[in-house]
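Enquirer: Starting from these lines, generate the structure:
(one chain, ligands or ions: 1)
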Amino acid sequence: MRYGLYIHIPFCRQKCFYCDFPSVAMAGGREKLMKPYVETICGEIEKWHKKIEEEKLGAPSTVYIGGGTPTALSEELLEKVLCRIGKISIEIPEFTIEANPGTVDLEKLRLLRKYGVNRLSIGVQTFDDEALKRIGRIHSGKEAVEAVELAIRAGFENISIDLIYGLPKQTMADFQKNVEKAMGLPVKHISIYGLQVEEGTVFGKLAEQGRLELPSEEVSEAMYDYLNEMLPQNGFQRYEISNYAKNGYESKHNLSYWQDIPYIGLGAGAHAYWQGQRYYNPVDIREYVSRAEKGDKLWEVEELLTEKEHMEEFCFLALRTVAGINRKRFAEVFGKSLDNVYGKVIEALIKKGLLEDNTDGVCLTKLGMKYGNQVFQEFLL
Ligand code: SF4
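Expert: Numbers count the residues shown, from 1 in each chain. Sure thing, here's the model as predicted:
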């Protein structure tokens, strides 16, 4: 059976100004939570391991340790988690860990390789030191480049970096320099996101006070167009709205989220999708650990999706990928044809140049990728 395993490590050195992920800064005594948290996670992996064996499911096809900053853990704690995963299988086909510059050295990276981690996702965001300070990152541009170089030395071949565009005060020239720098690195995968200003973040507050100086919509759009021209020219093909990869280096784990493949999610704030049901864990680390200590249930069941909601979600997620919605798969999942449900919507979007019919189904055009939200809205039933 194909399924993924996601493990969430919610600790970071400090909270970036734009971040609304379930993560906490390692200050104010929170470091003390790391050990019990890792013990809880290991206990959870063990429980799942038993279930996997009882139900003869086989090892997960992908494992993804995300955060937070998983590499903010000490080597000792990191090794505990890796060792526990290793008891399920020592050969996970795609085993990713997220790492942030400033939290990795050669020894830590070698440790990851030793336990079978074969894909590294490095949070770079920008190489510009001033911009890094402005967004609350803990590292410099030089350290980001060094992190990639160290990863190569440690034996990583499959490296991904994350970038953000539309940062405060970022100019088109700044962004072009960033993309050029990224193109010069030996990486196989790039994720690029436009900055989102979220409520409750430092940037959210600054925006409310009118003190966040962001590039204009035209400049952000020009950045988007530039990256969509430059990345393919340099061998990075887009396979999802925000993800580009050299041939064969698409993230299988992330693709499974968009392809309706089940996944287990362990850790505070993690989500799971298992046997058609969605689950979520409490975001609060203390609550998560204390529930485990008391032997209480660690997850909550999300309301079951109605068929309509499931269809909408299936389409939104599939449309994020270049492959788009597969007609055969839609019929297998829902017992109905895609064209019977969405025929008129598809026809209208094709006329507008936002959608196109490929041999297996329908997918976004280049224009559709740019105005994805407009298309997704039309798929609401
Ligand atoms: S390192 Fe990542 S998860 Fe941590 S605060 Fe920054 S953006 Fe959020």
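
Enquirer: from here on, contacts and neighbour counts on C-alpha atoms
Expert: OK.

Enquirer: quick one: secondary structure of residue 343?
Expert: helix (DSSP: H, G, I helix; E, B strand; the rest coil).

Enquirer: ok, so what distance separates the spatially most central residue of the chain from the ligand?
Expert: Geometric centre of the chain, nearest residue: residue 254, 6.6 Å, by CA atoms, centre = their mean. With distances taken as CA to the nearest ligand atom, to the nearest Å, residue 254 is found 17 Å from the ligand.

Enquirer: Shouldn't that residue be within a helix?
Expert: Yes. Counting by three-state DSSP, one finds residue 254 located in a helix.

Enquirer: All the helices of the stretch 1-150 of the chain, residue numbers only.
Expert: Here the stretch 1-150 of the chain has its helices, by DSSP state H, counting those that start in this stretch, at 34-54, 75-88, 106-114, 129-134, 141-154.

Enquirer: can I get the CA coordinates of the second one in PDB?
Expert: Just to be clear, that refers to helix 75-88. Below are the C-alpha coordinates for helix 75-88, written out as PDB (Å, rounded to 0.1, in the frame of the first residue of the first chain):
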ATOM      1  CA  GLU A  75      22.200  15.400  17.400                       C
ATOM      2  CA  GLU A  76      21.300  13.200  20.300                       C
ATOM      3  CA  LEU A  77      17.500  13.900  20.000                       C
ATOM      4  CA  LEU A  78      17.600  13.800  16.200                       C
ATOM      5  CA  GLU A  79      19.300  10.400  16.400                       C
ATOM      6  CA  LYS A  80      16.500   9.100  18.700                       C
ATOM      7  CA  VAL A  81      13.900  10.000  16.100                       C
ATOM      8  CA  LEU A  82      15.900   8.700  13.100                       C
ATOM      9  CA  CYS A  83      16.800   5.500  14.900                       C
ATOM     10  CA  ARG A  84      13.100   4.900  15.700                       C
ATOM     11  CA  ILE A  85      12.100   5.400  12.100                       C
ATOM     12  CA  GLY A  86      14.900   3.100  11.100                       C
ATOM     13  CA  LYS A  87      13.200   0.300  13.000                       C
ATOM     14  CA  ILE A  88      10.300   0.500  10.500                       C
END
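
Enquirer: Mind giving me the packing neighbours of that helix?
Expert: On a contact count with 3 or more CA pairs under 8 Å, 6 or more residues apart in numbering; DSSP states H and E, helix 75-88 meets helix 34-54, helix 106-114.

Enquirer: Try it again at 10 Å.
Expert: strand 4-9, helix 34-54, strand 62-67, helix 106-114 (3 or more CA pairs under 10 Å, 6 or more residues apart in numbering; DSSP states H and E).

Enquirer: What of the longest one?
Expert: Taking 3+ CA pairs under 10 Å, 6+ apart as contact, the helices and strands that helix 34-54 lies on are strand 4-9, helix 75-88, strand 263-266, helix 285-294.

Enquirer: which non-adjacent residue is nearest the residue in the stretch 251-381 of the chain that the ligand sits nearest to?
Expert: Relative to the ligand, the nearest point of the stretch 251-381 of the chain is residue 269 (12.1 Å; CA to the nearest ligand atom). Distances taken as CA to CA, 6 or more residues apart in numbering place residue 283 nearest to residue 269, at 3.9 Å, with adjacent residues excluded.

Enquirer: Output the helices and strands packed on helix 34-54 in JSON lines; the columns should cover distance to the ligand.
Expert: Output for these, formatted as JSON lines (distance: least, CA to the nearest ligand atom, whole Å):
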{"stretch": "strand 4-9", "distance to the ligand": "9"}
{"stretch": "helix 75-88", "distance to the ligand": "17"}
{"stretch": "strand 263-266", "distance to the ligand": "16"}
{"stretch": "helix 285-294", "distance to the ligand": "14"}
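
Enquirer: Quick one: closest of those to residue 347.
Expert: Nearest to residue 347 among the helices and strands packed on helix 34-54 is strand 263-266; the distance by CA to CA comes to 33.3 Å.

Enquirer: Excluding its own residues, what touches the next helix or strand after that closest one? List them.
Expert: Sequence order places strand 271-274 as the next helix or strand after strand 263-266, per DSSP states H and E. Contacting residues not belonging to strand 271-274 are listed as 3-8, 257, 260-266, 278-282, 299-302 [CA atoms under 10 Å, 6 or more residues apart in numbering].

Enquirer: Show me just the buried residues among the residues you listed.
Expert: 3-8, 257, 260-266, 278-282, 299 (16 or more other CA atoms under 10 Å).
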